[in-house]
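*Asks:* One predicted model, sequence on top.
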Amino acid sequence: AQSVTQPDIHITVSEGASLELRCNYSYGATPYLFWYVQSPGQGLQLLLKYFSGDTLVQGIKGFEAEFKRSQSSFNLRKPSVHWSDAAEYFCAVAPYNNNDMRFGAGTRLTVKP
Amino acid sequence: DAGVTQSPTHLIKTRGQQVTLRCSPKSGHDTVSWYQQALGQGPQFIFQYYEEEERQRGNFPDRFSGHQFPNYSSELNVNALLLGDSALYLCASTFGQGEGETQYFGPGTRLLVL
């Protein structure tokens, strides 16, 4: 069965510092992988996704993620965090694009001034 | 261009009652998925509708049912409500399953079961 683990429940970084959010997945084949962001009172917004090709994926808002098959990981990174990045971040895996998606429990990001 | 809209925004029900939540997909989208997000958890996939048929279903009991109308809007029905059904219910829409397509989420309906 497919599953997603986000080991960090809560992360605090200073504004301007770099960020890495961890995501590990369990799936028999190469799945579709996603990162979403959820701000308070807002719906989920897609940051980026991977399904094939270049393992380094660029997304919106300056985010990128790297797919590492050997480690079953899909970590999200940003070189310099802005205060507006404070939100909940979810990693997700799916056997098909946009169908039967399984989400991790999320990582809450706090940004210190 | 309106995105995904959901109604109502909030709802309070008592145990044993039935509830219907509604979703209008983003313009041009024909596929609707429903998710349940309990407090402090990630969303859980309930089911997906395409061409008025349930195409895929997650691990939810038959108390959870849905419908998709010819205009692609959708309803989620939950019967015999339990306290554990209290959650944020998210609707998401997309156009087909092409690899280039993006799924858009609505703001959700927050259901409280007392």
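*Replies:* On my side now, so go ahead. In this text, all values refer to a predicted model and were calculated from it rather than measured experimentally.
*Asks:* Nearest residue to the residue most central in space within chain A in space, please, no chain neighbours.
*Replies:* By C-alpha atoms, centre = their mean, chain A has its centre lying nearest to A:Trp35, at 3.5 Å. Counting by C-beta to C-beta, 6 or more residues apart in numbering or on different chains, A:Trp35 lies nearest to A:Leu47, which is 4.4 Å off, once chain neighbours are set aside. From N, CA and C alone the C-beta is placed, and that goes for glycine too.
*Asks:* which stretch of helix or strand covers B:Phe47?
*Replies:* Secondary structure from DSSP states H and E places B:Phe47 in strand B:44-50.
*Asks:* Alpha carbons of that strand, as PDB, please.
*Replies:* In PDB, the C-alpha atoms belonging to strand B:44-50 read as follows (Å, rounded to 0.1, in the frame of the first residue of the first chain):
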ATOM      1  CA  GLN B  44      -7.600  11.500   3.200                       C
ATOM      2  CA  PHE B  45      -9.000  10.600  -0.200                       C
ATOM      3  CA  ILE B  46     -12.700   9.600  -0.200                       C
ATOM      4  CA  PHE B  47     -13.500   9.200  -3.900                       C
ATOM      5  CA  GLN B  48     -13.300  10.700  -7.300                       C
ATOM      6  CA  TYR B  49     -16.000  11.300  -9.900                       C
ATOM      7  CA  TYR B  50     -15.700  11.500 -13.600                       C
END
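*Asks:* Please spell out which residues along it are buried.
*Replies:* B:Gln44, B:Phe45, B:Ile46, B:Phe47, B:Gln48, B:Tyr49, B:Tyr50 (16 or more other C-beta atoms under 10 Å in any protein chain shown).
*Asks:* Restrict the residues you listed to those that also contact chain A, please.
*Replies:* B:Gln44, B:Phe45, B:Gln48 (C-beta under 8 Å from any C-beta of the partner chain).
*Asks:* For those residues, give me a markdown table that also has pLDDT.
*Replies:* Formatted as a markdown table, those follow (pLDDT from 0 to 100):
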| residue | pLDDT |
| --- | --- |
| B:Gln44 | 96 |
| B:Phe45 | 95 |
| B:Gln48 | 94 |
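*Asks:* For the residues you listed, please prepare a markdown table with the additional fields distance to A:Arg77.
*Replies:* Conversion of those to a markdown table gives the following (distance: C-beta to C-beta, whole Å):
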| residue | distance to A:Arg77 |
| --- | --- |
| B:Gln44 | 27 |
| B:Phe45 | 26 |
| B:Gln48 | 30 |
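*Asks:* Averaged pLDDT, stretch B:55-74. What do you get?
*Replies:* Mean pLDDT, stretch B:55-74: 96.
*Asks:* For that stretch, give me every contacting residue.
*Replies:* Applying C-beta atoms under 8 Å, 6 or more residues apart in numbering or on different chains, the external contacts of stretch B:55-74 come out as A:99-100, B:22-25, B:29-32, B:34, B:36, B:44-54, B:75-80, B:91, B:93.
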